[in-house]
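> pasted the sequence and its predicted model underneath.
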Amino acid sequence: MKVSFWLLDIGYEVVEDSPEIRLWGFDGDGNRILVIDRSLTPYFYFAPKEGSVESLYDQITKLKGELPYIIRHHIVEKKIFGKPIKAIKVDCKNPDNLSKYANHLKKTLNAGSSFEDDVRFSMRYLVDKEVNPCSWMEFEVEEIKNENFRIDQIYLAKSNPKKLDGLAPPKFRVLSFDIIVYGVKGAAKAAQDPIIIISAMDNKGVKTQFISENKDDETIIEKFRNFVNEVDPDIVVSYEANQVHLPYLISRAESHGIDFSINRDGGVPHRSVYGHVSVTGRANLDLYDFSDEFPQVKVKSLENIAHFLGLLKTGESVVIDDFDIPSFWDAEENRQRLLRFSETRAQLVLQISQAILDNAIQLSTLVGLPLDHIGTAATGFKVEWYLMRHAHRIGELFPNRLEHPYYTYEGGLVLPPKPGIHNNVMVLDFKSMYPNIMISKNISPDTLIQPGEPEPPEGVWEAPKVGYRFRRAPSGFYKEVLTDLIKRRSEISIKMRELDEGSFEYRILDAQQRAIKLLTNATYGYAGWLGARWYSKAVAETTSAWGRETIQNTIKLAKVIGLEVIYSDTDSIFVVYDQAKVEELLERVKKALGLEIKPETIYRSILFTEAKKRYCGLLPDGRLDIVGLEVIRGDWAEVSKKVQEDVLGIVLRERDIKKAIEVVKKYISELRDRKTPFKDLIIWKTLTKPIEKYKVKTAHVEAALMLKKAGRSLSLGDKIGYIITLNGSKLYEKAKPYNFASWDEIDLDYYVENQIKPAALRILEQFNITSEELN
DNA sequence: TTGCAGTGAGACGCA
DNA sequence: TTTGCGTCTCACTGCAAC
């Protein structure tokens, strides 16, 4: 019989010595099903470093008695960096030890190198069978008996999966949850501190809370486990479950000797690759891993993201600090607030998950990584998995990751701007400049011509300045991949034009094109990443060299035509708008450089200081487009950002410097009168390394130390919020965690002289205003 | 001890 | 665990002047 299937999660088990792939998902009727596929044999490749592959093959044949893990081996034709090679495909019994086997083989034969022995078996399956997660496919299957798995039906695959069309994913059951821990001093330790509240909510409106009695969490963990299995969610969502909630639940359950089996195979969640926690048969999505999708939100808390998305009323305070949890719990009259707080969090998680799910699903399908890996896998790995799939299709072996010396190279070109206010400035930019250059100059690891190597008859592209040469034909690996991506994206854009923006199809296609854009734009960076399998400094260096050449020629052309160039950064130029001249420029750039430059917005006016990468433009609709300045930085006090934004607005919209000065003075006097909201004085900075590794004393590290001393646990990447007090002389001595400080110890002068004034003067200095004039 | 110039650490943003 | 380019603040160092 045939079954259509949508893949949600994938895993594998070794059952009675032979491996099976387990594909968890849905059938066409919305049943939760498991398809077991036993058709794939684990393997790796083995190739001679020198000498013939045949003699290596014979050696393995002779020694087979000593190599019990090998099922069979045979010679295959492959490529490595585009060069044809013969390799031996070594089929093995156990997928868990391929690297061990490969090393053993190398030692035993004292020859050869191995390939692809580091590919996890479930990923091996997805690549080899060309299966994309979160998409529809069809299997020929045979029903088998369900032994205690939490699903409707189990099938054994009798055929390879066949791709099916269809955009719409199944209807998911989504469960969000949040836990509250009673941790004295704010730092909860799983060994001692109990969970007091577990809030859970599903997308059908079922919500519940498990509340501990006398701080005993044994019962509520069991109840929660039962609840999860009853609701039987396909997707579990949370905020920080990967790093915090799930490990905590698992550890508490262990210490009570409770079976915390919420997996669809009856097992307990476990830590897996890329630091995510796997809940077999379901997709565990931690929204924190997706918080970079909201770059405007600087401090990535659930509440801040919710505010940003308009899910909380402005000014609505729902946050209860970890530190205060015990006191809220202990005082009967406040406990209700704690309960509401936790419930709100679960609800926000559920709401936010809807904003993220479309993109996550499309990215999963495109990249080929299972849904629960998408949030945690770094960009480099997403690009790499996409490349690996393509490599497999064209018979290219996955290169091993090698150690490369660290080496920097020249990047994009940035011109100093013309300071001051300019009117009618148009931005022109090359869309996807680097990918398009890689395509047009065929820049790829497999098209690079080594020094001394003769030029092929098809000719070469020789990079300006850096001199690397790449063959013009045939098309390289990167060119093929990027051409395909760009083509797919433009096809999607065409389809989208015919659709209603609010429609389901539009939303899905938009998510698709965003996923494609992400991969396309990351490919250049990937090529220059030391950890990349297809690392090539020549590729990265050549691409940016052609980029500089392109933008320089564009600037020259603009000047020849008579356009005034105000500024340029990497792939864009800012010119004083003149319709006829701009049109001429577009024509000539296309003709001369073979790349298209696109007109963007025309700013009614734009302000530059002497600094590169910082400016503010007034858009046609009256909004400000602020780039690089303090307003959009996360490490300035809110009060400074507000001052600067107000000043920019007045300067650009009204051109009234006097008024701007008055506004600054008002901010200063409000601060001196202590009328400024306290939270507007908090400065947030990230801990970018372990505290002991810092070489110089800094305010946020000192504040972090105080938090630690008070019992708070901190980890890498945490944002520390501090304020500057009157105590001490050095700034780092004056810093104090904001929640330990009060209004009367604030160093008002610091905020005036080092926060408000610099932010305002950054703009007003352009009009010769001095610090004294703001007093 | 104070002032100050020069340098580097550190954080964050742009393309 | 994508790249380089760039700004800005503050700590630290060394030196001169007091």
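Arrived safely, thanks for sending.
> just the pLDDT for A:Thr168.
Small correction: residue A:168 is Ala, not Thr. The model reports A:Ala168 with a pLDDT of 88.
> now swap in the one 10 residues further on and tell me
Reported pLDDT at A:Asp178 in the predicted model: 97.
> tell me how many other residues surround whichever residue of the stretch 351-500 of chain A sits closest to DNA strand B.
Across the stretch 351-500 of chain A, the shortest distance to DNA strand B (Cβ to the nearest atom of the strand) belongs to A:Gly412, at 5.9 Å. For glycine as for every other residue, the C-beta is placed from the backbone atoms N, C-alpha and C. A:Gly412: 15 surrounding residues under other Cβ atoms under 10 Å.
> residues in contact with it?
A:Ser544, A:Gly547, A:Arg548, A:Ile551, A:Asp569, A:Thr570, A:Asp571 (Cβ atoms under 8 Å, 6 or more residues apart in numbering).
> report the buried residues of the helix or strand encompassing the second one.
For A:Gly547, the element it lies in under DSSP states H and E is helix A:537-561. When neighbours are counted by 16 or more other Cβ atoms under 10 Å, the buried residues of helix A:537-561 are found to be A:537-551, A:553-555, A:557-558, A:561.
> please apply the same query to stretch A:723-740.
Buried, per 16+ other Cβ under 10 Å, within stretch A:723-740: A:Ile723, A:Ile724, A:Thr725, A:Tyr732, A:Lys734, A:Ala735, A:Lys736, A:Pro737, A:Tyr738, A:Asn739.
> widest-spaced pair of the residues you listed?
A:Tyr732 and A:Asn739 (18.4 Å; Cβ to Cβ).
> list the helices and strands the very next helix or strand once past the helix holding A:Gly547 packs on?
Elements were assigned by DSSP H and E; along the chain past helix A:537-561, the next helix or strand is strand A:565-569. Under the contact criterion of 3 or more Cβ pairs under 8 Å, 6 or more residues apart in numbering; DSSP states H and E, strand A:565-569 touches helix A:537-561, strand A:572-576, strand A:597-608.
> closest residue of chain A to DNA strand C?
A:Gly525 (1.4 Å).
> tell me the helices and strands packed up against the host helix or strand of that residue.
Assigned by DSSP H and E, A:Gly525 falls within helix A:504-527. Under the contact criterion of 3+ Cβ pairs under 8 Å, 6+ apart, helix A:504-527 touches helix A:332-367, helix A:379-393, helix A:433-440, helix A:477-497, helix A:537-561.
> any low-confidence regions in the stretch 301-450 of chain A?
A:314-317 (pLDDT under 70).
> give me that answer again for 50
Within the stretch 301-450 of chain A, no stretch has pLDDT under 50.
> now distance to DNA strand C and mean pLDDT too, for the helices and strands packed on strand A:565-569, in a markdown table please.
As requested, the helices and strands packed on strand A:565-569 are exported to a markdown table (distance: least, Cβ to the nearest atom of the strand, whole Å; pLDDT from 0 to 100):
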| stretch | distance to DNA strand C | mean pLDDT |
| --- | --- | --- |
| helix A:537-561 | 6 | 97 |
| strand A:572-576 | 12 | 97 |
| strand A:597-608 | 11 | 96 |
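> need those in CSV (columns: distance to DNA strand B).
Shown next, in CSV, are the helices and strands packed on strand A:565-569 (distance: least, Cβ to the nearest atom of the strand, whole Å):
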stretch, distance to DNA strand B
helix A:537-561, 9
strand A:572-576, 5
strand A:597-608, 10
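> would TSV of the ones you listed with distance to A:Ser278 be doable?
Formatted as TSV, those follow (distance: least, Cβ to Cβ, whole Å):
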stretch	distance to A:Ser278
helix A:537-561	34
strand A:572-576	43
strand A:597-608	43
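> what's the distance between the residue of chain A closest to DNA strand C and DNA strand B?
Using Cβ to the nearest atom of the strand, to the nearest Å, A:Gly525 is found at 7 Å from DNA strand B.
> what's the burial count for that residue?
14.
> for it, give its distance to A:Ile682.
33 Å (Cβ to Cβ, to the nearest Å).
> and the residue of the stretch 51-200 of chain A closest to DNA strand B?
A:Ala187 (20.7 Å).
> surely that residue and A:Ser715 touch.
No. A:Ala187 is not in contact with A:Ser715 according to Cβ atoms under 8 Å; the separation is 10.9 Å.
> please identify which of the two sits among more neighbours.
For A:Ala187 versus A:Ser715, the count of surrounding residues by other Cβ under 10 Å is larger for A:Ala187: 17 against 9.
> residues touching that one, list them.
A:Ala187 touches A:Asp322, A:Gly711, A:Arg712, A:Ser713, counting by Cβ under 8 Å, 6+ apart.
> with A:Ile320 instead?
A:Phe328, A:Arg337, A:Leu338, A:Phe341.
> ok, the top strand by length along chain A: who's next to it in the sheet?
For chain A, the strand with the greatest residue count under DSSP state E is strand A:2-15. Take DSSP bridges as the rule and strand A:2-15 pairs in its sheet with strand A:18-27 (antiparallel), strand A:136-144 (antiparallel).
> how about a markdown table for these, with mean pLDDT added?
Formatted as a markdown table, the strands paired with strand A:2-15 follow (pLDDT from 0 to 100):
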| stretch | mean pLDDT |
| --- | --- |
| strand A:18-27 | 96 |
| strand A:136-144 | 96 |
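> mind putting those strands into a markdown table with mean neighbour count?
Below are those laid out as a markdown table (neighbours: other Cβ atoms under 10 Å):
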| stretch | mean neighbour count |
| --- | --- |
| strand A:18-27 | 22 |
| strand A:136-144 | 17 |
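> ok, residues contacting stretch A:488-497?
Here stretch A:488-497 has contacts from A:Tyr506, A:Leu509, A:Asp510, A:Gln512, A:Gln513, A:Ile516, A:Lys517, A:Thr520, using Cβ under 8 Å, 6+ apart.
> counting neighbours, what do you get for the residue nearest to the fifth one when sequence neighbours are not counted?
The shortest distance from A:Gln513 to any residue other than its chain neighbours is 4.6 Å, reached at A:Ile492 (Cβ to Cβ, 6 or more residues apart in numbering). Other residues near A:Ile492 come to 18 when the count uses other Cβ under 10 Å.
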